[in-house]
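Q: give me a model of this one.
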Amino acid sequence: MKKNRFVAIIGTDGSGKSTLVSELENALGVQKREIAVVPRTIKENAGKHYELPKHSVFLSLVKLFLRGTKWFIQYHLRFAPLMRRGQVIICDRFYLDELLIDPLRYRYNAPAGITRFVRNLLPHPSLYILLDAPEDVLFSRKQEISLDELRDLRLRYLNWIRQQPNNHILDATLPMEDVKRKAQEIIRDWLEKDRSNKD
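A: The predicted structure is shown next:
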């Protein structure tokens, strides 16, 4: 798909994603009016959902269609105009990716091949920043799933981000100020490279 100025901050619960997104909004949004932080559009009560059975394949596909359609409309009507004005969109997670990385969080049960096909058809991030930490650190911050499940989920995030063309992994055990500084550098370098390619 065509390159966009869309950044996803990803990672397991407890990695500090929401805090980082908020910090970036304060740091980049005030100093440089080219950053537009977009909060997560779909929020799930993950702790409860992990304990519930998966939806049927049919219901999962219906949810994929409805939310995919909603995202397509939102992106083109709300976010694309911001990017055309030079802004960068930063999101806390990206729902269509999450369906492939952590389907249990959404009780999702459709075939991964269909999900991947739909995800690739729709606008998705051009830059990924993964906040990563050892499982015991993540588990000490949030205990929504077992340590073994968290270990598997962390590996899925690591495998996912390594498949993305523009990817960076940040150490989530560092002080937030350091994580924020590194994330700012990544985003600004990425923007600089994008500008250079256009010149």
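
Q: strands of the chain, residue ranges please.
A: In the chain, the strands defined using DSSP state E lie at 6-10, 35-38, 88-92, 127-132, 167-171.

Q: can you flag the weakest of the ones you listed by average pLDDT?
A: Here the lowest mean pLDDT among the strands of the chain goes to strand 35-38, at a mean of 51.

Q: can you get me a residue count around Glu144?
A: 18 (other C-beta atoms under 10 Å). Backbone N, C-alpha and C define where each C-beta goes, glycine included.

Q: roughly how far does the nearest residue to Ile169 once chain neighbours are set aside sit from Leu59?
A: Nearest non-adjacent residue to Ile169, counting by C-beta to C-beta, 6 or more residues apart in numbering: Leu130, 4.8 Å away. Taking C-beta to C-beta, to the nearest Å as the measure, Leu130 falls 30 Å from Leu59.

Q: give me the more crowded residue out of the two.
A: Leu130 (23 against 14).

Q: so which elements touch the biggest helix by length in the chain?
A: Counting by DSSP state H, the longest helix found in the chain is helix 176-198. When contacts are defined as 3 or more C-beta pairs under 8 Å, 6 or more residues apart in numbering; DSSP states H and E, helix 176-198 packs onto strand 6-10, helix 17-31, strand 88-92, strand 127-132, strand 167-171.

Q: try it again with 6 Å
A: helix 17-31, strand 167-171 (3 or more C-beta pairs under 6 Å, 6 or more residues apart in numbering; DSSP states H and E).

Q: any idea how many residues pack against Lys70?
A: 13.

Q: save the helices and strands packed on helix 176-198 as a markdown table, and put in distance to Val7 and mean neighbour count too.
A: Formatted as a markdown table, the helices and strands packed on helix 176-198 follow (distance: least, C-beta to C-beta, whole Å; neighbours: other C-beta atoms under 10 Å):
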| stretch | distance to Val7 | mean neighbour count |
| --- | --- | --- |
| helix 17-31 | 9 | 17 |
| strand 167-171 | 10 | 17 |
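
Q: need those in CSV (columns: distance to Lys70).
A: Converted to CSV, the helices and strands packed on helix 176-198 look like this (distance: least, C-beta to C-beta, whole Å):
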stretch, distance to Lys70
helix 17-31, 21
strand 167-171, 26
